[in-house]
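Student: Generate a structure from the sequence data that follows.
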Amino acid sequence: MTEVIADHPGVDADALGRWLDEHHAPGAGERPVLELLSGGSQNTLIRVQRADQRMVLRMPGVRADAARLDGLRREIRLVRGLKGTDVPHAELVAADESGAVLGKPFYVMAEIDGWSPMGGGWQAPFDTDLQARRGLAFALVEGAAKLGRVDWRAQGLEGFGRPDGFHERQVDRWLNFLSAYQVRELPGLDVAADWLRRNRPSQFTPGIMHGDYQFANVMYSHGEPARLAAIVDWEMTTIGDPLLDLGWCLLGYDGENPATDGFYLDMTGMPTRSELLAHYEAVSGRSTEQIDYYLILANWKLGIMLEKTYAASLAPNSRVDPRVAAAMGPMVLQLMTTAADLSRRAK
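Tutor: Next comes the predicted model:
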């Protein structure tokens with residue numbers, strides 16, 4: 001859904017238009033027409049149209065704290081660093097890290113002509129053509145592989161993350177994160193945590209990782225064949241172990257074949273895990289020999305992240321959509337159960 005707005009709180013269309021002209025953005029001299037877009041959970045998304053040119057502005061929400069502002073600045077640096085790479089993304093038009101123009105940092109990016117499976121499931125023909133649907137999973141994995149092979153130092157991202165000790169930090173960091181809001185017992189939490197501590201990779205090749213890489217955070221081009229139009233929502237990106245993004249791609253797989261129910265999308269007809277691992281290796285040049293670790297960590301970590309939303313839904317005067325809360329409760333438990341079961345079966 002979209003809503004046409006003359007001015008958004010914090011967005012002066014005239015000031016924005018002048019700034020866009022200064023940065024040689026498309027639609028020179030035109031006053032922008034602003035349209036509020038849905039889909040931005042952590043940040044506000046606004047379509048910016050000047051004449052026949054359309055872009056998207058991304059900025060922190062009205063109640064954003066300092067951490068959210070810093071996170072937006074990190075996104076700007078990351079998207080700037082992707083310029084010239086083969087990673088599908090919305091290209092940066094211009095950015096204001098200072099907040100001088102609109103009172104908060106923001107950036108403007110190219111609008112993507114594509115679709116998200118979160119907008120009602122698989123779009124035609126992928127809703128009925130299972131052979132075509134297979135390509136969506138291969139394209140998802142290929143996007144992760146391309147992101148992970150970017151020469152991040154050459155792209156100006158030195159110091160963007162702390163890859164040293166990445167895996168040593170994971171379990172304790174996320175258990176500490178959970179302790180701030182945990183409201184119930186999570187069966188399987190400690191089983192998976194203990195296994196992760198004992199089986200973390202002894203070495204890895206650092207690279208850019210999205211941090212929440214799944215069908216929910218990509219857009220596809222319209223029509224066949226399946227092609228990734230853009231990776232979106234970079235809030236959790238860092239320099240770490242890109243193989244964790246592959247583990248995120250395989251959420252919904254607790255074995256060779258995808259789940260037949262309980263996942264947020266219909267995975268009928270999707271490739272086997274072995275097929276996806278082979279494709280990732282071919283594109284990335286990385287070994288997937290330790291995929292069990294990454295898949296267990298992905299399920300375990302996502303469960304902890306989603307538990308925060310569930311816990312927030314229980315607070316008085318909660319702003320969490322009751323439908324979201326109802327889905328999160330059992331979803332977190334299933335993710336923890338999957339992580340624990342996979343750890344018990346792992347070599």
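Student: May I see the buried residues of the helix or strand encompassing residue 337?
Tutor: Assigned by DSSP states H and E, residue 337 falls within helix 322-345. Within helix 322-345, the residues scored as buried using 16 or more other CB atoms under 10 Å are 324-325, 328-329, 331-343. All C-beta spots, glycine's among them, are computed from the backbone N, C-alpha and C.
Student: And the contacts of that helix?
Tutor: By CB atoms under 8 Å, 6 or more residues apart in numbering, the residues outside helix 322-345 that reach it are 186-189, 191-192, 195-196, 254, 262, 292, 295-297, 299-300, 302-303, 306-307, 309-310, 313-314, 318.
Student: How far does that helix sit from its chain's centre?
Tutor: How far helix 322-345 lies from its chain's middle: 19 Å, per CA atoms, centre = their mean, to the nearest Å.
Student: Can you tell me which of the contacts of helix 322-345 are buried?
Tutor: Of the contacts of helix 322-345, these count as buried by 16+ other CB under 10 Å: 186, 188-189, 191-192, 195-196, 254, 292, 295-297, 299-300, 302-303, 306-307, 309-310, 313.
Student: Narrow those residues to those in helices?
Tutor: 189, 191-192, 195-196, 292, 295-297, 299-300, 302-303, 306-307, 309-310, 313 (DSSP state H).
Student: Residue 94 belongs to a helix?
Tutor: No - counting by DSSP: H, G, I helix; E, B strand; the rest coil, residue 94 is not part of a helix but strand.
Student: so it sits right up against residue 21, yeah?
Tutor: No - using CB atoms under 8 Å, residue 94 is not in contact with residue 21, being 10.4 Å away.
Student: Give me the more crowded residue out of the two.
Tutor: Neighbours were counted for residue 94 and for residue 21 using other CB atoms under 10 Å; residue 94 has more, 17 against 14.
Student: Check the separation of the first and last residues in stretch 116-136.
Tutor: 11 Å (CA to CA, to the nearest Å).
Student: actually stretch 204-216, not the one I typed
Tutor: 27 Å.
Student: Show me what the strand or helix carrying residue 147 is packed up against.
Tutor: Per DSSP H and E, residue 147 falls inside helix 130-148. Applying 3 or more CB pairs under 8 Å, 6 or more residues apart in numbering; DSSP states H and E, one finds that helix 130-148 contacts strand 207-209, strand 218-220, strand 228-231, helix 243-249, helix 273-284.
Student: Remind me what the second one packs against, helices and strands.
Tutor: Spelled out, it's strand 218-220. So strand 218-220, by 3+ CB pairs under 8 Å, 6+ apart, packs with helix 130-148, strand 228-231.
Student: Please name every helix or strand in contact with the shortest one.
Tutor: Packed against strand 228-231 by the contact rule (3+ CB pairs under 8 Å, 6+ apart) you find helix 130-148, strand 218-220.
Student: So residue 19 is in contact with residue 96, correct?
Tutor: Yes - the pair residue 19 / residue 96 is scored as a contact, 7.0 Å apart, by CB under 8 Å.
Student: just so I know, which of the helices and strands packed on strand 228-231 lies nearest residue 34?
Tutor: Using CB to CB as the measure, strand 218-220 is the one of the helices and strands packed on strand 228-231 that comes nearest residue 34, at 21.1 Å.
Student: quick check: mean pLDDT across the closest one?
Tutor: Averaging pLDDT along strand 218-220 yields 97.
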